[in-house]
Structure formats: structure tokens, C-alpha cells
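> need a 3D model of the following:
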Amino acid sequence: MKSRPVSSVTTPQSVEPSRWFYGSGFDLTVGCGAWSVPLLALGYYAGLNHAQAVSIVFYALALVMNYPHYMATIYRAYRTREDFSKYKIFTLHVTVLVVLVLVLAHFSYQLLALVFTLYLTWSPFHYTGQNFGIALMFARRNGVKTTPSLRRAFYLIFLASYGMFFLTVHSLTSADQYILSLGISPTIARILWFAMAAIFLGAATYSVSSFVKQVGWRKLSPTLVLVSTQVVWFAIPTALTLFTHIDLLQARSTAGILAVMHSAQYLWITSYYARREAGDEHGNEAARSASAPAWRPFTYFSILVIGGIALFVPGPWLASRLAHIDFMSSFLAFTALVNIHHFLLDGAIWKLRDGRIAALLLNSSALKEKIEAGMRQRWLERPRPTLRWLRVAVVPALILLAGLDQLKFYYGAQVSNTANLQRAQQLNPYDAALQVRLARAFENDGNRAGKRDALEHALQINPTYRAAQVALARTIIESGDFAGAYTHYQNMFSRLEPDADSLVNYGIIAAQLRHDDEAISAWQNAIDHDPTQVNAHLRLAYAFSNQKRFKEAVLHYEKYLALVASEGAQSTVQGPFVAQVVLQLAEACRLSDSIDEALHFNSQGLAMAQKLRDNHMLALALMQSADIRSEKGNDSEALADYQRALTLENSGSVPNRPVDWLRFGQFLQRVKGDQELVYTCLVQAQSLLNSNTGLKDASTLDLVNVRIQALEAGLGKPVCQAIRNGLTAATARVLTIKYDQVTASLAPQAVATKVSSKPS
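Predicted coordinates for the structure are as follows:
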């Protein structure tokens, strides 16, 4: 039988090209992301219940998934001299620039924060671009003819879903000094999210319907799965984060799962490309040139794994062990810059408009190009004999270092196990984040000295590590060394941009040390950094009240209460404290001559005290209400409030305060009430001040004694003695008398018959 020529094997008319790369099941699952929902659900559950185990698993997966996928791009761009020259702007010039930034990022935490945030923001865009490219590739591979407008509409699907992510993450507040946020208003983010959703739906309807008309639903299945993957990766998590209390975006497990799925997808497509480039698609020997080397999957993946280790692992270890640079900062710098280099290089080398790429991925006829590709000199797979000894020496060293790195991470992830954390410290003592975890473990063990030593060691490694600075400041405060905490905060602010929480604490310490103006300045700066700092507003309100700047105090009391109210059920502030602040606001309004506002807020505080059934607060609110009504000229209502408050105090349900009786007496004197009533109030205040249970206040006692002496001169000794002897009955009369009786004149004899002769 005659053998068929090669052309009959490779001609599209003879054999229909396969729609799939490795088979429909594997391609849809890994390449198109059909496994996204179960993996994300599993990752989210595991992250909530087994966070420590999840972090260890993801760190181990990085060796065989994440790191190799970066190396796959290096392999693709640097493997041949031709590819290196073709993309020289990226393989050489951009690489030199990235290396320079990488070095600088080790010495500037601001630059590190910038590049790390850029990496985190760019990563989902990179995922999006890959999903779009593969979706379009499958569409074209299955017969879809695209026009520029149709392609742009299809791209809008992916771009809009990334826009949802961008808006959401940059509307969240970052608690990490290395992650910056644009601070987009959550309200604006929600509105724009709906705009992105509308663009997504419109673009999907137009482009997908056009695709379906050309080839039908069945051939479009991989493209549709990739569109749904984009929804699962970005649209649904952002919706949950913006509109519910489920935050998938900031969950470490979610980020780890996405990275693993993206890496698997990347390795899936690049391995297929490398296999076809070697002329060996599904064992098709006919397409391979006689001089082209066979596809060697073990060699290929070994290069990716070892190369991936070389990209990420040695750098931070050398920087920390040799230069004593913080391992954590170095790791972040390498992670960010290697990724950014990968994004730039990847965007340059994977273009379907490139003839060779189109030939190998779209099943177009370019057999000659394929064969030539297999014949090119491969720098990475076939080094010169003189360099082979270097590979033999380096590969085992990299594998050993990777194992050491995994062991350190495993020990360091045991956040509650002091012994294991110390083992990780022995492997690499120049890791500030590890020292902070060790400090927390010491704290759980009750070892305060060990905690402080670990934090101080962390700052020796990295003085700009905010978490260590903040933790050490709190440790010093807990020790009662306010002067030391004051100095620590000043040193901290000289190295780092102050954060709102630290400014609030610094203000409290400054106030303790009588640096009042400095405290006020710190709290105002805290509000400038974060207007929602409730504690800063309350502290300023107290400080301005003490300085008799009541109008300014009122503004901050109101802002504090508005912020607490906006938190609703999530607020940690208890109801009694809120009621107390409302009454303080009412008092500040009264003292700033805003009587109507004072009465309004007092009524609110009074209602809250009654609802809480807090008699002590109710008595305070009634006394305050009486003072406000008195100033407003509502004397009859003021009298009733004074009497209600003092009745509560007289009943023993709340402490009997001498100053309240003095205030009542002053009120009666102001409205020209019967002098005997005034005298009764002052004697009661004097009795409480002189008793063992009374509040000792020398200035108040002096004031009371002076006023009593003045009244005794007018009333006469018999009347005064009668009131003193029958003080219980006299106070009962004062607490029940009507306003129209307050100014009535009573003869001394009448008074004497109405009061008991027995001492109270």
C-alpha cells in the first residue's frame, strides 16, 4: 500500500483540526475555568475554618504552579536567540529597569508599597487579559470570523468585569502599609459597579449572539465557559463585597485559589504551544522535522519548576542572610517586580496576530514555520557543554533552598506555637513579620518580656514596619510607661507617615502628660487622615469642653454621635455611653448659649436614660434639664425637673450629690423663693458634704457655709434651728412644693409647727 504524502496529513481538507488541546474535559475544566465555583467555595470555607493549613498549602502549590507559570514566560521569550532579539525592548531594556526598581524597593517602603499595590491591582487585569485571549482563540479556532467592532465588543465583557474589581478594591480601606487604596467612595463604587454590569450585559448580548449565529452554541461552549469564569472570578465576588457582608476579595484563600487557577490555565496553554512548536501534537510525528528534537514534557516542566524557584526564592534569602535586609520586605519586592515583569513580557509575546502563534494555536497552515521553530537553537534546554557543570551544581542547590524556604514557612505559619516560630527564626532571623508573630505567641504565653524583645528585634530588622511599631507602642503603654510611649510615637512618626489610630493614641498620651495643645493637634491630624475616627472626635469634644471652647466641642460631639449611629448594629459603643455623650452634648450647647439645641439633646438623653432604666443617668439628665429650662425662663418646668432628680437621689436609688442640692438652692434663690426653702437646700448640701458618705469638696463646702451664714442672719436662729432639727420633713416639703407656693411667705411659727423637732 502506498503511503500518503505528508501534505495529506496536515491539509485541513483531509483531516478536520481538533477543537480541543488536551481533550474537552481537561480543556473546559482547567483551560476554561469550569472548576472555579467548587474551588472558590472550597477555598472560602477552608480559609474561614482552616486558615493556617490553607496558607501552608498555597505556599507549597506556588512551587509547582505559580512559580513555574512565570518561568514559562521566561522560557518562551529567552529560549532562542531569535525570540530574545525579537522582544529585546522587554527581554533586555525593561528587564534592566525592573531590576533597578527591585533594588531600590529594598530601601524605600514607599516605593515598595507603590509597586506592590500596582502588582495587586494589575494581577486581575492580567487574569482578565488571559481569559479574553483564550476565549477569543477558542472562538476563532472553531470557525468564528471577527471584525474589529465585534472584537472590541467582546473585549468589553472582560474589561467591564475587571472594572468591577478595580472599583471595589479601591473603595476598601487598607490596613496594610504595603497596600494603597485610591479611597473611592463606596457609594460611587456601587453606582459605577452597576454601570459596569450594564456594559457587561450589553457587550455580551451583542458579541456572543453574533458568535452563536456563525457557529452555533455547541462549538462556542469553551468561549461561553470562559465568560462565565470571568463572572465567577470578578463580578460575583465584587457584588458580594459591595452589597453584603461577605468579603471574598480580601480573603487570602480567594486570592490564592485565583492565582492557582490562573497559573494552571497558563501552564495548560503554554505547554500545548511548546509541544506543537516541537511538532508533536498528540504524538503526530509526521509534522516534526527530522532534525527537530522531540517533545520532552519532563524536561520542559523541570525547567519551569527550577526556573520558577530561581526567580523567587534565592533573592529574599540572599538579601536577608547576607545584607540583613528584612526577608518579608524583600519577598514582597521580588513578588511584585517579577510579576510586573511577567505582565509586561507576557503582553508582548502572546499575540494572536503573531503569525507563528496563530499557526500553532488556531490550527492555521504554517507547517514550515513550525518545523523551523523546532530547529532553532534552544538556550535553556541545550546549554553549551562548558556550562553544563553549572547546571549540575545550581539545580540541587535551588531544590535544597526551596525545601528550606518551605520548612521556614511551615514553622512560621504556626502562629500559636512559640517553639515552631522560634525554629523558623533560627532558619532566618531577619524576618520582621515573623518576629511580630513570635511576639503575639509570647503574649499568649504570658511572656511580656519575650513579647517586647521580639518587637524590638523586628524594628531592628525593619524600622519602617508599621505593625511592629504599633504593637511596641501599645506594649509600652500597657507597661504604664507613658513617657516612653510618648517618645516612641515621636520616633515612629519620624520614620513613617502617621496612621489615624496611632495619632489618637499619641494624643491620649500627650494629654496624660499635660501636652494639651499637642494632643488636640494629634487628634485633628487623625481626623484629617480618617474622618470616621470616632474616638478622635470624642477626645476633641472633651478637650474643647475643658478649654471652654464649647462651640467647637459641640461640632465634635455631633460628629461622634452621627458616626456611631451610622455604624448601627456593628457599633461597639454601648447604649449607656451614647446616652452619656448626648447629655454632654446638651451641656456643651447650654454653655455655648444654644439653649434650644441644649433642650433638644437633653430630651433625647432623658428618653434614652428612661429606656435604659438607668436611674443615675436619669437623675443627671433631669438636673441638666432643670438648668436648661431655668436659663430659658421656664421656671415652673425647671422646678419640677429639680424635684424629680432630687427625689431619685433622696430615695437612695442613686448617690445623693451635695452639688445638686446647692444648684436647687441657687435656683430657688434666683426665682426669689421662700428663704426657708433655700436654707433647707443649703443645709442638706452641707450635711452631705460633712457626712462620711458625702463627696469631699472644700470649695463647694466653703460656698455653702458662706451662703448659710447670710441666710441665718435674715431668718433668725429659731427658724434655722427648727429646719435643722426637722431636716427630713423640710426636704420632703421642698421636693413636693408647687411653683405657685414657692414665693409664698410663711410665718416662723407656721414653719415651726410644720417641721419635726427631731434631728434628721
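> C-alpha only now, for contacts and for neighbours.
Noted.
> and A471, what is it in contact with?
L455 (C-alpha atoms under 8 Å, 6 or more residues apart in numbering).
> again with the one 3 residues further on
Applying C-alpha under 8 Å, 6+ apart to R474 gives the contacts A485.
> any idea how many residues pack against N49?
Neighbours of N49 under the rule other C-alpha atoms under 10 Å: 11.
> pLDDT at it, what is it?
The score at N49 is 79. That number is its pLDDT.
> report the residue ranges of every domain in the chain.
Domain ranges of the chain: 15-276+294-382, 660-760, per automatic domain parsing.
> now do the helices in the stretch 451-600 of the chain.
In the stretch 451-600 of the chain, the helices defined using DSSP state H, counting those that start in this stretch lie at 466-478, 482-495, 500-512, 516-529, 534-546, 550-567, 575-591, 595-612.
> picking up where we left off before, need the domains of the chain in JSON lines (columns: distance to E443).
Output for those, formatted as JSON lines (distance: least, C-alpha to C-alpha, whole Å):
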{"stretch": "domain 15-276+294-382", "distance to E443": "19"}
{"stretch": "domain 660-760", "distance to E443": "41"}
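> can you tell which of these is closest to L622?
domain 660-760 (10.6 Å; C-alpha to C-alpha).
> distance between that closest one and the chain's centre?
Here the centre of domain 660-760 is set off from its chain's centre by 60 Å, with C-alpha atoms, centre = their mean, to the nearest Å.
> cool, and stretch 335-342?
Offset of stretch 335-342 from its chain centre (C-alpha atoms, centre = their mean): 24 Å.
> one more: stretch 128-137?
Distance of stretch 128-137 from the chain centroid (C-alpha atoms, centre = their mean) equals 31 Å.
> related to what we said a few turns ago, any chance of the helices of the stretch 451-600 of the chain in CSV, with distance to P429 and mean pLDDT too?
CSV is the format used below for those (distance: least, C-alpha to C-alpha, whole Å; pLDDT from 0 to 100):
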stretch, distance to P429, mean pLDDT
helix 466-478, 15, 94
helix 482-495, 23, 94
helix 500-512, 27, 93
helix 516-529, 34, 94
helix 534-546, 38, 94
helix 550-567, 42, 92
helix 575-591, 46, 92
helix 595-612, 54, 92
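> redo these as a markdown table? Include distance to T299.
Compiled in a markdown table, the helices of the stretch 451-600 of the chain are given as follows (distance: least, C-alpha to C-alpha, whole Å):
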| stretch | distance to T299 |
| --- | --- |
| helix 466-478 | 44 |
| helix 482-495 | 49 |
| helix 500-512 | 53 |
| helix 516-529 | 54 |
| helix 534-546 | 60 |
| helix 550-567 | 58 |
| helix 575-591 | 68 |
| helix 595-612 | 74 |
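> that older thread, closest one to Q533 among the domains of the chain?
Ranked by C-alpha to C-alpha, the member of the domains of the chain that lies closest to Q533 is domain 15-276+294-382, at 12.8 Å.
> ok, back up a step: and the domains of the chain, which one's lowest on average pLDDT?
domain 660-760 (a mean of 79).
> L258 - how many residues pack around it?
Other residues close to L258 by other C-alpha under 10 Å number 19.
> gap between it and M623?
62 Å (C-alpha to C-alpha, to the nearest Å).
> could you do A105 as well?
Separation of A105 from M623 (C-alpha to C-alpha) stands at 62 Å.
> which residues in the stretch 51-200 of the chain form helices?
Assigned by DSSP H, counting those that start in this stretch, the helices in the stretch 51-200 of the chain fall at 51-61, 67-78, 81-86, 88, 95-105, 109-141, 148-169, 186-215.
> any chance of those in JSON lines, plus mean neighbour count and distance to L662?
Listed next are the helices of the stretch 51-200 of the chain as JSON lines, based on neighbours: other C-alpha atoms under 10 Å; distance: least, C-alpha to C-alpha, whole Å:
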{"stretch": "helix 51-61", "mean neighbour count": "17", "distance to L662": "62"}
{"stretch": "helix 67-78", "mean neighbour count": "24", "distance to L662": "78"}
{"stretch": "helix 81-86", "mean neighbour count": "15", "distance to L662": "92"}
{"stretch": "helix 88", "mean neighbour count": "15", "distance to L662": "89"}
{"stretch": "helix 95-105", "mean neighbour count": "16", "distance to L662": "68"}
{"stretch": "helix 109-141", "mean neighbour count": "20", "distance to L662": "60"}
{"stretch": "helix 148-169", "mean neighbour count": "21", "distance to L662": "59"}
{"stretch": "helix 186-215", "mean neighbour count": "17", "distance to L662": "52"}
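> so which of the ones you listed is nearest N447?
Evaluated over the helices of the stretch 51-200 of the chain, closeness to N447 peaks at helix 51-61, with 23.1 Å, by C-alpha to C-alpha.
> so which of the domains of the chain gets nearest A413?
It is, among those and with distance given as C-alpha to C-alpha, domain 15-276+294-382, at 6.4 Å.
> off-centre distance for the closest one?
25 Å.
> ditto for stretch 501-510
20 Å.
> which among the helices of the stretch 451-600 of the chain is found nearest to S630?
With C-alpha to C-alpha as the measure, helix 595-612 is the member of the helices of the stretch 451-600 of the chain nearest S630 (10.2 Å).
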